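Visitor: predicted coordinates and the sequence they were generated for:
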Amino acid sequence: MTDTHRKDLPTPRAIGAPGRVKEVASAANPIVKDIRALSQKRHRDETGLFLVEGLKLVLDGLEAGWQLKTLVVAKAALEGGSETLMRAVSRAVALGTDVLEASNKVLEAITRRDNPQTAVGVFQKQLTPLMKFDLAAGRVAVALDRVRDPGNLGTILRTADAAGAEAVILIGDCVDPFSLETVRATMGSIFAVPIIRTKEADFLAWRAGFQGKLFGTHMTGTTDYREPDYGASATLLMMGNEQAGLTAGLAESCDLLVRIPQIGRADSLNLAVATGIMLFEARRGALSL
């Protein structure tokens, strides 16, 4: 039966109660409109929810223990006998998640793609409070100052996951890590790396009690990034805004400013590339202990 009324929005259920499976055929459905609205940061902030596109990423989120609020699946794929998709639906229902069997038109409206994937998940956001974050000796984390490009942030989260970083700290006016563009670029690593959001003043207050070393990349840095002994203590890598670099306050808070030597004509590296270089160098130093 087609679900078309606001009264049919999911309602709280007892813990352990199964989810409900409904069919939606119109992009004008109120539930679909609510899900589509999550493409806007304001609605993500208001609801604490975000979109994940693709069955693999949905399963990654479930495996990581994140709360799946709603699962939207392609009705045609279910009718076509997709076993993986059917298992995902069964698992979601068992967890108490509502499942929407959607037409291709509905999935196109939600994802804003002509060829949408067969599953879209609505997950509860998770952030780690800065004051609860403790970086142990021999471990590495990344702090980003006002990163603005969603592709850069998504790639950095994916790289941080691959390098075994403990967290990514977002300082100041950074792009939303839960935007659909950023989540796509993480390829599932959004669920693997703790994310911290903070203001510069709060970060500097936390940094005053940080017992490890803070290394920043900066155009005035005179030390080659390969020279420091990253593995000697807890290592926090500070990377600046794509155009402006680090603020003066953040640069001054670093124990050492380093540079990545370049021999070509380019005057700078892409932020995600530079962060990847720094991360794997720092991890190499830590693993050599």
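Guide: Happy to help now that I have it.

Visitor: the nearest residue in space to Trp66 that is not next to it in sequence is in what secondary structure piece?
Guide: In this structure, Trp66 finds its nearest non-sequential neighbour in Phe123, 5.2 Å apart by Cβ to Cβ, 6 or more residues apart in numbering. For glycine as for every other residue, the C-beta is placed from the backbone atoms N, C-alpha and C. Secondary structure from DSSP states H and E places Phe123 in strand 119-124.

Visitor: ok, Leu170 touching Pro194?
Guide: No. Using Cβ atoms under 8 Å, Leu170 is not in contact with Pro194; the gap is 11.3 Å.

Visitor: what about this protein, any weak spots by pLDDT?
Guide: 1-17, 285-289 (pLDDT under 70).

Visitor: quick check: domain ranges of it?
Guide: Following automatic domain parsing, the chain resolves into domains at 6-124, 130-287.

Visitor: now the ones you listed in JSON lines, with mean neighbour count?
Guide: Shown next, in JSON lines, are those (neighbours: other Cβ atoms under 10 Å):
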{"stretch": "domain 6-124", "mean neighbour count": "17"}
{"stretch": "domain 130-287", "mean neighbour count": "18"}
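
Visitor: now for the longest helix belonging to the chain, which elements pack on it?
Guide: The longest helix of the chain (DSSP state H) is helix 271-287. On a contact count with 3 or more Cβ pairs under 8 Å, 6 or more residues apart in numbering; DSSP states H and E, helix 271-287 meets strand 140-145, helix 150-163, strand 213-217, strand 235-239.

Visitor: roughly how far is that helix from the heart of the chain?
Guide: Here helix 271-287 shows a centroid-to-chain-centroid distance of 19 Å under the convention Cα atoms, centre = their mean, to the nearest Å.

Visitor: ranges for the strands of the protein?
Guide: 21-24, 49-53, 68-74, 98-102, 119-124, 140-145, 168-171, 195-198, 213-217, 223-224, 235-239, 256-259 (DSSP state E).

Visitor: next, format these as CSV and append distance to Thr84.
Guide: Output for the strands of the chain, formatted as CSV (distance: least, Cβ to Cβ, whole Å):
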stretch, distance to Thr84
strand 21-24, 17
strand 49-53, 16
strand 68-74, 11
strand 98-102, 15
strand 119-124, 9
strand 140-145, 33
strand 168-171, 30
strand 195-198, 28
strand 213-217, 42
strand 223-224, 48
strand 235-239, 37
strand 256-259, 45
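
Visitor: which one of those strands lies closest to Leu157?
Guide: Leu157 lies closest to strand 168-171 among the strands of the chain, at 5.9 Å (Cβ to Cβ).

Visitor: can you give the strand pairings for that closest one, parallel or anti for each?
Guide: Using DSSP bridges, the strands paired with strand 168-171 are strand 140-145 (parallel), strand 195-198 (parallel).

Visitor: what's that strand in contact with?
Guide: Outside strand 168-171, the residues that touch it by Cβ atoms under 8 Å, 6 or more residues apart in numbering are 130, 133, 141-147, 153, 156-157, 160, 177, 193-200, 203, 236, 250.

Visitor: any idea how far Ala165 is from Thr235?
Guide: To Thr235, Ala165 is 10 Å away according to Cβ to Cβ, to the nearest Å.

Visitor: shared neighbours, these two?
Guide: Common neighbours of Ala165 and Thr235 (Cβ under 8 Å, 6+ apart) are Val140, Ala141.

Visitor: dump the residue contacts of Ala74.
Guide: Ala74 touches Leu85, Ala102, Asn104, Leu107, Pro116, Thr118, Ala119, counting by Cβ under 8 Å, 6+ apart.

Visitor: how much space separates Leu38 from Ala232?
Guide: 43 Å.

Visitor: brilliant, that's me finished.
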